[in-house]
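Asks: Sequence and computational prediction follow.
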Amino acid sequence: MASLRTSLINGSFDQTISAVDRGFSYGDGVFRTMKIKGGQPISWPFHYQKLVADCAAIGIVCPSAELLMSDMQQLFPINEFDDEQVQVVKIIITRGEGERGYAPPAVTIPTRVLIKSNMPSYADAHYTQGVRLHICDTRLALQPKLAGIKHLNRLENVLARMEWRDESVFDGLMLDQNDHVIECTMSNIFARVGQTLYTPDLSQCGVAGITRQHILGLENLLGLTAHVATISLQELLNADEVIICNSLYGAFQVAAIGDQTWKQQSLASTIRNILTHG
């Protein structure tokens, strides 16, 4: 039977988060969420590379890959899982403990937290018919220094996700202060126009996920030219095909955004197949 222990803090099942941990006090840290299959993290080199880059962007020394892998082996013992069982791990790295005030200590010891959870269950219709998006009123603030980073300050996403309770809506489309399309609350987004695949420029805000990175590298396999670009809401609604993506579900076609609908097409399923089978 799989272990009931679902979180690990600094390599211990018994340790707790300090009340003066800067991740708790200020959201001073970063995180990654990824699939674990048969006890092993999927796309680990890409996730770790992004974890290191995000830590470096805010001046945190990222724990070594070996240390994090050791943590994962404790949380997901290989002998407790069959080769096909899929679960989820969230890795959180904070700057560590600090005294009151925004200025961080000159020397800190990062806190690392790993959380185990079940793989979300997605409706069959998401794969076969696509998903519906809500256009969020909450706008993303422009902050180039944090752009692309999966940092712990996610209140914008929380407020955006509070905007709907309709279970037919899968995710919320988020725009920036200039009404440019950026991302969804838990997904990156792509728009196909003819033979060109566009994804929003994230140099001012938003999270650059590794699945987005993978898809940008698939242009030859997909027979498309990929571009990072500024995209207006109207340009997105006029696209021939729209898909969203993240590390857990891979890619889903967008069937509807507000009153705009798209017929069922094949790009999302093709991408899911490449991401799964290479």
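Replies: Structure received. Residues are numbered from 1 along each chain as shown.
Asks: So which residues of the stretch 151-278 of the chain form helices?
Replies: Taking DSSP state H, counting those that start in this stretch as the criterion, the stretch 151-278 of the chain contains helices spanning 155-161, 210-216, 219-222, 233-237, 267-277.
Asks: I meant to write the stretch 1-150 of the chain there.
Replies: 22-26, 44-57, 65-75, 124-128.
Asks: which stretch among the ones you listed comes nearest Asp201?
Replies: helix 44-57 (17.4 Å; C-beta to C-beta). (Each C-beta comes from the backbone N, C-alpha and C, glycine too.)
Asks: Tell me which residues of the closest one come out buried.
Replies: Trp44, Phe46, His47, Tyr48, Lys50, Leu51, Val52, Asp54, Cys55 (16 or more other C-beta atoms under 10 Å).
Asks: Chain neighbours aside, what residue packs nearest to the second one?
Replies: Counting by C-beta to C-beta, 6 or more residues apart in numbering, the nearest residue to Phe46 once its immediate chain neighbours are dropped is Ile210, at 4.5 Å.
Asks: That neighbour reaches His47, doesn't it?
Replies: Yes - Ile210 is in contact with His47 according to C-beta atoms under 8 Å; the separation is 6.0 Å.
Asks: Which residues are in contact with each of those two?
Replies: Here Ile210 and His47 share the contacting residues Ser247, scored by C-beta atoms under 8 Å, 6 or more residues apart in numbering.
Asks: so what are the domain limits for this protein?
Replies: Using automatic domain parsing, the domain parsing of the chain gives 7-118, 124-277.
Asks: Just put these in JSON lines and tack on mean pLDDT.
Replies: Output for the domains of the chain, formatted as JSON lines (pLDDT from 0 to 100):
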{"stretch": "domain 7-118", "mean pLDDT": "93"}
{"stretch": "domain 124-277", "mean pLDDT": "97"}
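Asks: Identify the residues contacting Leu51.
Replies: Val30, Arg32, Cys62, Ile91, Ile93.
Asks: again, only this time at 6 Å
Replies: Arg32, Cys62 (C-beta atoms under 6 Å, 6 or more residues apart in numbering).
Asks: Need the distance between the two termini of stretch 229-241.
Replies: 16 Å (C-alpha to C-alpha, to the nearest Å).
Asks: With stretch 150-169 instead?
Replies: Note: stretch 150-169 ends 24 Å apart using C-alpha to C-alpha.
Asks: how about that stretch: buried residues?
Replies: Neighbour-count burial for stretch 150-169, counted by 16+ other C-beta under 10 Å, picks out Lys150, His151, Leu152, Arg154, Glu156, Asn157, Ala160, Arg161, Trp164.
Asks: if I look at the nearest residue to the fourth one once chain neighbours are set aside, how far off is Gln213?
Replies: The shortest distance from Arg154 to any non-neighbouring residue, by C-beta to C-beta, 6+ apart, is to Gly27 (7.8 Å). Distance from Gly27 to Gln213, counting by C-beta to C-beta, to the nearest Å: 24 Å.
Asks: ok, now Ile42?
Replies: With distances taken as C-beta to C-beta, Ile42 is found 14 Å from Gln213.
Asks: next one: Ile244
Replies: 15 Å.
Asks: Comparing these two, which residue is more hemmed in?
Replies: Ile244 (25 against 15; other C-beta atoms under 10 Å).
Asks: okay, now the residue lying closest to that one once chain neighbours are set aside: neighbour count?
Replies: Leaving aside its sequence neighbours, Ile244 sits nearest to Ser187 (C-beta to C-beta, 6+ apart; 4.0 Å). Neighbourhood size, Ser187 [other C-beta under 10 Å]: 27.
Asks: Am I right that Ser187 is in contact with Asp171?
Replies: Yes - judged on C-beta atoms under 6 Å, Ser187 makes contact with Asp171 at a distance of 5.4 Å.
Asks: What are the boundaries of the strands in the stretch 101-250 of the chain?
Replies: 111-118, 131-140, 169-176, 181-184, 188-193, 196-200, 225-229, 241-246, 250-257 (DSSP state E, counting those that start in this stretch).
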